[in-house]
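*Asks:* quick one, what's the 3D model for this:
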Amino acid sequence: MARYSFTLYWHHSVQPLSTFGIMVTNEAQAENVLFGDLGAMKALPNRASIILSSIVSPGFVIQLEGLLKRMET
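*Replies:* As a prediction, this is how the structure comes out:
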């Protein structure tokens, strides 16, 4: 449950943040923080910056970038 504590805090913040930092250990955790049931993407404003601090493959980052760009439109 600890992995949700930051996301829960995000959902209860008063003002939308323009930058969201994620520090996780793998790709599955990054996807869960962003897109899971309590995912940050539900609360992030359009054009927010996401800082991903994790050991993930370059392919995952490229795939994530493409997905986020498609979500903008």
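*Asks:* which residues does the closest residue to V33 other than its chain neighbours contact?
*Replies:* With sequence-adjacent residues excluded and distances taken as Cβ to Cβ, 6 or more residues apart in numbering, V33 is closest to I22, at 5.3 Å. Quick note: C-beta positions are derived from backbone N, CA and C, even for glycine. Under the criterion of Cβ atoms under 8 Å, 6 or more residues apart in numbering, the contact partners of I22 comprise 30, 33-34, 40, 50-54.
*Asks:* indicate each strand paired with the strand or helix carrying I22 and its parallel or antiparallel sense.
*Replies:* Secondary structure from DSSP states H and E places I22 in strand 19-23. Taking DSSP bridges as the criterion, strand 19-23 pairs within the sheet with strand 49-53 (parallel).
*Asks:* state the mean pLDDT of the strand it pairs with.
*Replies:* For strand 49-53, mean pLDDT is 89.
*Asks:* my read is that S57 contacts E27, right?
*Replies:* Yes: contact between S57 and E27 holds when scored by Cβ atoms under 8 Å: they sit 7.1 Å apart.
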